[in-house]
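Q: Below are the sequence and a predicted model for it; my questions follow.
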Amino acid sequence: GGVREPAIVRWPGRIAAGVTSWALATTYDIYPTVMRLAGGSMPPGRVYDGKDLSAVLLSGASTPHACLFHWHDSELGQDGRGLSAVRCGDYKA
């Protein structure tokens with residue numbers, strides 16, 4: 001996988017068919033989004049990297065992310081891990 005991987009979401013009657021979004025999102029957004037859509041709330045007293053994307057999915061809102069940081073198990077750092085990319089709006093480094 002890369003930084004720009006597609007996702008397909010289907011929820012007849014809730015999410016409009018044939019809509020394309022370029023909103024920044026990541027896999028760690030799944031947990032808070034599903035919790036919100038299921039009517040739950042995130043457990044308190046913890047910090048979550050993921051953001052609730054329900055407004056993006058249901059009404060085409062903008063992403064709640066200012067930037068996304070992509071970590072990769074690679075030879076970027078001495079311990080074999082490191083930051084591999086940063087995505088802020090239309091910019092990627």
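A: Great, that's in hand.

Q: quick one: contacts of stretch 26-36?
A: S41, M42, Y48, D49, G50, K51, D52, L53, S54, L57, H65, L68 (CB atoms under 8 Å, 6 or more residues apart in numbering). Just so you know, the C-beta spots here come from the backbone N, C-alpha and C atoms, and that holds for glycine as well.

Q: which parts of it are buried?
A: If you call a residue buried by 16 or more other CB atoms under 10 Å, then stretch 26-36 has these buried ones: T26, D29, P32, T33, M35.

Q: Just give me the least confident of these.
A: Ranked by pLDDT, these bottom out at T26, which has 88.

Q: hey, where'd the strands end up in the protein?
A: According to DSSP state E, the chain carries its strands in the segments 68-73, 81-88, 91-92.

Q: Now tabulate these in a markdown table and tack on mean neighbour count.
A: Converted to a markdown table, the strands of the chain look like this (neighbours: other CB atoms under 10 Å):
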| stretch | mean neighbour count |
| --- | --- |
| strand 68-73 | 14 |
| strand 81-88 | 14 |
| strand 91-92 | 10 |
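
Q: These into JSON lines, with extra columns for mean pLDDT and distance to W22?
A: Output for the strands of the chain, formatted as JSON lines (pLDDT from 0 to 100; distance: least, CB to CB, whole Å):
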{"stretch": "strand 68-73", "mean pLDDT": "75", "distance to W22": "13"}
{"stretch": "strand 81-88", "mean pLDDT": "78", "distance to W22": "11"}
{"stretch": "strand 91-92", "mean pLDDT": "83", "distance to W22": "13"}
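
Q: Could you single out the nearest of the buried residues of stretch 26-36 to A16?
A: Distances from A16 to the buried residues of stretch 26-36, taken as CB to CB, are shortest for T33 (16.8 Å).

Q: Mind checking which of the buried residues of stretch 26-36 land in helices?
A: P32, T33, M35 (DSSP state H).

Q: which one among the residues you listed gets closest to W22?
A: Taking those together and measuring to W22 by CB to CB, the closest member is T33, at 17.3 Å.

Q: just to revisit the earlier point, weed out the non-buried ones from the contacts of stretch 26-36.
A: By neighbour count, with 16+ other CB under 10 Å, those hold G50, K51, D52, L53, S54, L57, H65, L68 as buried.
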